[in-house]
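Enquirer: got a structure for you, letters missing:
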């Protein structure tokens, strides 16, 4: 009765290991397809007191945009890139 088990022991062991690996992979959460990347936005001010905004820029990988005046007085924030 044990003779068929002994002859196919490697095959059975391989199938058990592969099945356990498949169950492990199926139990893992799927990676998220929607990736949100964060760029930067720059708000430019007329002076060091930062009371009057005079310009704005956003920068993402592959695209950017600006309007207004660029000055040495700015604040950097996060910008949601897609």
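Expert: That came through, no problem. Nothing here was measured: the structure is a model prediction, and the numbers come from that model.
Enquirer: how much space between residue 80 and residue 37?
Expert: 8 Å (C-beta to C-beta, to the nearest Å). For the C-beta atoms, the positions are set from N, CA and C on the backbone; glycine is no exception.
Enquirer: where are the low-confidence patches of this structure?
Expert: 1-7, 23-25, 28-36 (pLDDT under 70).
Enquirer: now do the strands in it.
Expert: Ranges of strands within the chain are 37-45, 53-60, 63-68, 73-81, based on DSSP state E.
Enquirer: redo those as JSON lines? Include distance to residue 14 and mean neighbour count.
Expert: Converted to JSON lines, those look like this (distance: least, C-beta to C-beta, whole Å; neighbours: other C-beta atoms under 10 Å):
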{"stretch": "strand 37-45", "distance to residue 14": "42", "mean neighbour count": "16"}
{"stretch": "strand 53-60", "distance to residue 14": "49", "mean neighbour count": "16"}
{"stretch": "strand 63-68", "distance to residue 14": "51", "mean neighbour count": "12"}
{"stretch": "strand 73-81", "distance to residue 14": "46", "mean neighbour count": "14"}
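Enquirer: those: which one's closest to residue 17?
Expert: strand 37-45 (39.0 Å; C-beta to C-beta).
Enquirer: given that closest one, what are its sheet partners and their directions?
Expert: In the sheet, strand 37-45 lines up against strand 53-60 (antiparallel), strand 73-81 (antiparallel) (DSSP bridges).
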